[in-house]
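A.B. asks: could you work out the structure for the sequence below:
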Amino acid sequence: MLNSVSPHPLTRRRFTQLSGMAFGSFALSGAAAAAPDVTLEIAPYTLEASPKHHIRTVAYNGQIPGPLFRMHEGETQSVEIRNLTKDSEVVHWHGLYLPPDIDGAMEEGTPMIAPGASVRYTMIPKPAGFRWYHTHTFAGKNLTKAQYAGLHGFLLIEARDNPAAYDREVFLGLHDWNGQFLSSDDGYMNPLYDVATINGKMLGSGDPVKVKQGERVMMHILNSSPTEVHWISFSGHSFKVVALDGNPVAQVQTVSMLRLAPAERVSAIVEMNNPGVWVLGEVRKHVQASGMGVVIEYANSSGKPVWTQPEDLVWNYRQFAEAGDAAQHQDAKKIELVFDSKFQGHGNEELWRINGLGYPQNSTPEHSLLLQAGQRYRLIMKNKSMDDHPIHLHRHTFEIRRLEDGGEIAGVRKDVVLVHAGGTVEVEFVADNPGKTLFHCHQQDHMDRAFMMVFNYA
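C.D. replies: A predicted model of the protein is given here:
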């Protein structure tokens, strides 16, 4: 345990440094006889987002996004990760129910992988659904590191029984690049980006997604942006949303556009019933102008891609909930979590806090939340700040039970939820996966400035 009276202030940066020192040798693994089921190599890479935009970064297996991994729910997988960069790394398996030592967050106790080292372990992937994997490191003001670097990939955990009500799948990853921080005298910081991509390419620079008339295409869309919410529309078509964050929705809905906060995923079936050459992209004009779009081209169609600009931004989690009024779980223990920021003086960054404390101070034995295995909990998240926050709970799935716009709901199960500025969102989960569990805002800059908390099990 780290001593709270250390001569160095206990910040996330310092904690990361100490963890890397402590775990570097532990991450080394000897050669194994059998080849691993999954191999990830983290190495420097230059992304050609367009002929005019070359971005020096790092990547998984020499591609952005990293390779799509398909795993069967409950079937053991061996994983090997090699770190060929000059910085310590770790891979978080977002949305899976894994033990803390391999979940991929050093705050939970996953060992960092030192430069030049490798690690091998086994995992049992569950639950089924569209998940993803990504780095979980500290960036600070360096917009070439951590999630700013675009270290992410698709992960699909296939259920034993899949009705397969579609003809094929397409995976699309949204990302923002080449940012710079805009800061004010009160310490507020906000990254501003020059480039936006889908699957690592700016609109018009990558190959089109080719489809056939009459096809039912399952589109799995991920927002891997380090900080930005994105609104996506597909001109001439609608999305039949069947799952959020990989979890089937209670009510399937057909919508004209999608909203994805950082780390959110949407799985939607699109009926290819309008031949032509179309654009799927960001609804907001300035973001699409930065490159966030992809061409969808029907067979035997040609011409300039068509974009139809929607007039309104339309999205609400409530539309996917169970019909009728939802009853409360009387056995759920309530935990109030208040989000705010603290001004630390001119020239300093603001500190993000949960219940008045930032990480790691809020996760010491006297302040951390202690969960009882098998107990249902209701997290009442009150956002007292002027920012929206995409909140992620590791190693568990929660159910949204109350939003800012009304009463109780049920049936919307996720691992990330956007809590609006000044709003309150309530979610419930069962503490059924013992071990340290990280709770945090999925904006990289907020996470780096202490917007995290570790829940412990009794």
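
A.B. asks: where in the chain is pLDDT low?
C.D. replies: Applying pLDDT under 70 to the chain flags the ranges 1-33, 162-164, 179, 181-189, 344-349.

A.B. asks: name the helices or strands packed onto the longest strand along it?
C.D. replies: Longest strand in the chain, counting residues (DSSP state E): strand 168-183. Applying 3 or more C-beta pairs under 8 Å, 6 or more residues apart in numbering; DSSP states H and E, we find strand 168-183 packed against strand 53-60, strand 152-158, strand 189-198, strand 216-223. C-beta here means a position set from N, CA and C on the backbone, and glycine is covered the same way.

A.B. asks: of all these, which lies closest to Pro262?
C.D. replies: Among the helices and strands packed on strand 168-183, the nearest to Pro262 by C-beta to C-beta is strand 216-223 (5.7 Å).

A.B. asks: how far off strand 189-198 does the helix or strand just after that closest one point, in degrees?
C.D. replies: Next in sequence after strand 216-223, counting helices and strands by DSSP states H and E, comes strand 230-234. Strand 230-234 and strand 189-198 are oriented at 20 degrees to each other (axes from the mean of the first three to the mean of the last three C-alpha atoms, to 10 degrees).

A.B. asks: now do strand 230-234: everything it contacts.
C.D. replies: By C-beta atoms under 8 Å, 6 or more residues apart in numbering, the residues outside strand 230-234 that reach it are 174, 221, 223, 256-260, 270, 278-284, 287, 292, 296, 308, 310, 313, 315.

A.B. asks: mind giving me the PyMOL select for those residues, buried ones only?
C.D. replies: Those of the contacts of strand 230-234 that count as buried under 16 or more other C-beta atoms under 10 Å are selected in PyMOL with:
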select buried, resi 174+221+223+257+258+259+260+270+278+279+280+281+282+283+287+292+296
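
A.B. asks: among the contacts of strand 230-234, which are in helices?
C.D. replies: Judged by DSSP state H, the subset of those located in helices is Val287.

A.B. asks: what's the helix or strand for the residue lying farthest from the centre of the chain?
C.D. replies: Distance to the chain centre peaks in the chain at Asn300, reaching 36.6 Å (criterion: C-alpha atoms, centre = their mean). Remark: Asn300 resides in no helix or strand, with elements defined by DSSP H and E.

A.B. asks: dihedrals phi and psi, it?
C.D. replies: Backbone torsions for Asn300, taken as degrees, to the nearest 10, come to phi 70, psi 20.

A.B. asks: same check on Asn362?
C.D. replies: phi -80, psi 0.

A.B. asks: equivalent analysis for the one 10 residues further on, please.
C.D. replies: When read as degrees, to the nearest 10, the backbone of Gln372 gives phi -100, psi 130.

A.B. asks: ok, for it, nearest residue in space, not its chain neighbours?
C.D. replies: Nearest non-adjacent residue to Gln372, counting by C-beta to C-beta, 6 or more residues apart in numbering: Ala458, 5.4 Å away.

A.B. asks: quick one: contacts for the one you found?
C.D. replies: Counting by C-beta under 8 Å, 6+ apart, Ala458 touches 370-373.

A.B. asks: so how far is Leu172 from the closest residue to Trp352 other than its chain neighbours?
C.D. replies: Computed as C-beta to C-beta, 6+ apart, the closest residue to Trp352 that is not its neighbour in sequence is Phe451, at 3.6 Å. Applying C-beta to C-beta, to the nearest Å, the value for Phe451 to Leu172 is 27 Å.

A.B. asks: those two: which has the busier surroundings?
C.D. replies: Neighbour count, other C-beta atoms under 10 Å: between Phe451 and Leu172, Phe451 has more, with 26 against 18.

A.B. asks: if I look at that one, how far off is Leu418?
C.D. replies: Counting by C-beta to C-beta, the gap from Phe451 to Leu418 is 14 Å.

A.B. asks: cool, Pro111 as well?
C.D. replies: Taking C-beta to C-beta as the measure, Pro111 falls 31 Å from Leu418.

A.B. asks: and for Tyr148?
C.D. replies: Noted for Tyr148: a distance of 20 Å to Leu418, by C-beta to C-beta.

A.B. asks: check contacts around Val79.
C.D. replies: Val79 neighbours (C-beta under 8 Å, 6+ apart): 36-40, 120-123.

A.B. asks: residues near the residue nearest to it when sequence neighbours are not counted, how many?
C.D. replies: Distance criterion C-beta to C-beta, 6+ apart; nearest residue to Val79, sequence neighbours excluded, is Val38 at 4.6 Å. By other C-beta under 10 Å, 16 other residues sit near Val38.

A.B. asks: need the phi and psi values for Val38.
C.D. replies: phi -130, psi 130.

A.B. asks: I figured it hits Gln77, correct?
C.D. replies: Yes - Val38 lies in contact with Gln77 (C-beta atoms under 8 Å); the separation is 5.9 Å.

A.B. asks: next, show the common contact partners of these two.
C.D. replies: Common neighbours of Val38 and Gln77, counting by C-beta under 8 Å, 6+ apart, are Met71.

A.B. asks: assign the spatially most central residue of the chain to helix, strand or coil.
C.D. replies: For the chain, Ala263 is the residue whose C-alpha lies nearest the centre (C-alpha atoms, centre = their mean; 2.0 Å). The three-state label given to Ala263 by DSSP: H, G, I helix; E, B strand; the rest coil is coil.

A.B. asks: list the contacts of it.
C.D. replies: By C-beta under 8 Å, 6+ apart, the residues touching Ala263 are 94, 132, 223-224, 390, 392, 415-416, 442.

A.B. asks: sort out for me which of those are in strands.
C.D. replies: 94, 132, 223, 390, 392, 416.

A.B. asks: from these, which two are the most distant?
C.D. replies: Largest pairwise distance in these, by C-beta to C-beta, is 13.8 Å, between Trp132 and Pro390.

A.B. asks: which one of these two has more residues nearby?
C.D. replies: Using other C-beta under 10 Å, the more surrounded residue of Trp132 and Pro390 is Trp132, with 28 against 22.

A.B. asks: bridging residues for that one?
C.D. replies: Beta bridges link Trp132 to His94, Phe154, judged by DSSP bridges.

A.B. asks: re earlier: and which of the contacts of Ala263 is nearest Thr197?
C.D. replies: Ser224 (9.9 Å).

A.B. asks: dump the residue contacts of that closest one.
C.D. replies: For Ser224, the contacting residues are 65, 132, 134, 147, 150, 152, 173-175, 262-263, by C-beta under 8 Å, 6+ apart.

A.B. asks: can I get the residues you listed in a markdown table with distance to Val195?
C.D. replies: A markdown table is the format used below for the contacts of Ser224 (distance: C-beta to C-beta, whole Å):
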| residue | distance to Val195 |
| --- | --- |
| Pro65 | 15 |
| Trp132 | 21 |
| His134 | 19 |
| Gln147 | 15 |
| Gly150 | 10 |
| His152 | 16 |
| Gly173 | 14 |
| Leu174 | 12 |
| His175 | 9 |
| Pro262 | 17 |
| Ala263 | 20 |
